[in-house]
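**Q** Provided below are the primary sequence and the corresponding predicted coordinates.
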Amino acid sequence: MADVAFFVQAPSEELLDKCTREQLFKIAEHYRIDIPDRRVKDATIQNVLFPALCEL
């Protein structure tokens, strides 16, 4: 998944799991979800993103 537009069009937990670190940050930016520390692990980013996306 080179472009996060695929995720934005059809978001799913499965696609989120396949995202690279940079894509996770782009998704967070797109949905205005704050990831306070860019040094966190990918799993931590996903643990912040997934619940926040479910609330949208």
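**A** Everything's here; your move.

**Q** The residue positioned nearest the centre of the chain is in what secondary structure piece?
**A** Residue closest to the average C-alpha location in the chain (C-alpha atoms, centre = their mean): Leu24, at 3.6 Å. Element membership for Leu24 (DSSP states H and E) is helix 21-30.

**Q** Leaving out chain neighbours, which residue sits closest to Ala28?
**A** Distances taken as C-beta to C-beta, 6 or more residues apart in numbering place Ile35 nearest to Ala28, at 5.0 Å, with adjacent residues excluded. Using the backbone N, CA and C atoms, a C-beta is placed for each residue, glycine as well.

**Q** Next, count neighbours for the one you found.
**A** Residues lying near Ile35 (other C-beta atoms under 10 Å) number 16.

**Q** just checking, the residue nearest to the centre of the chain touches Asn47?
**A** No. Using C-beta atoms under 8 Å as the test, Leu24 is too far from Asn47 to be in contact (10.7 Å).

**Q** No further queries at this time; thank you.
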